[in-house]
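Colleague: The following comprises the amino acid sequence and a computationally predicted model.
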Amino acid sequence: MVIGAIMKPYTPKSFSHRGKNLKEYFYFNSYNIIENIFSWYICIYILLRLDRVSIVFSYIMILIFGIYYGHRIANIADIYYKNKYKQD
């Protein structure tokens, strides 16, 4: 999963949302930002064996893991509710 996320090609077809200000930019691109942070941190965590260095790195890994999967679940729920209310 990590290697696939890191090696994912950035094609011209991938659209980066542009907001009017910095807040909108981070909001519209939040999934890409969170996915990249998770992928890079887990790669560094595994390669450098940060779990043996300090427990703080393990807590950071758990935090990033929770944010990543929480955001994915929120997006799936949002799509589900939009489709449900769109049909009614």
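Modeller: In hand now; what should we look at?

Colleague: Only C-alpha atoms from now on, for both contacts and neighbour counts.
Modeller: OK.

Colleague: I figured Phe38 was touching Ile62, is that so?
Modeller: No - here Phe38 does not reach Ile62: they are 10.3 Å apart, not a contact under CA atoms under 8 Å.

Colleague: Neighbour count: the two, which is higher?
Modeller: Taking other CA atoms under 10 Å, Phe38 and Ile62 do not tie; Phe38 has more neighbours (21 against 12).

Colleague: can you tell me which residues contact the more buried one?
Modeller: By CA atoms under 8 Å, 6 or more residues apart in numbering, Phe38 lies in contact with 64-65, 68.

Colleague: mind checking the SS state of it?
Modeller: helix (DSSP: H, G, I helix; E, B strand; the rest coil).

Colleague: In the chain, where is pLDDT below threshold?
Modeller: The model of the chain has pLDDT under 70 over residues 1-17, 88.

Colleague: Let's see that with 90 instead.
Modeller: Residue ranges of the chain with pLDDT under 90: 1-36, 39, 43, 51, 75-88.

Colleague: I'd like to know how far His71 sits from Ile44.
Modeller: Per CA to CA, to the nearest Å, His71 is found 22 Å from Ile44.

Colleague: List phi and psi for Asn29.
Modeller: When quoted as degrees, to the nearest 10, the phi and psi of Asn29 stand at phi -110, psi 20.

Colleague: Neighbours of it, how many?
Modeller: When neighbours are counted by other CA under 10 Å, Asn29 registers 15.

Colleague: where does Ala77 land in three-state SS?
Modeller: Quick answer, by three-state DSSP: Ala77 is helix.

Colleague: In contact with it, which residues?
Modeller: The contact partners of Ala77, by CA under 8 Å, 6+ apart, come to none.
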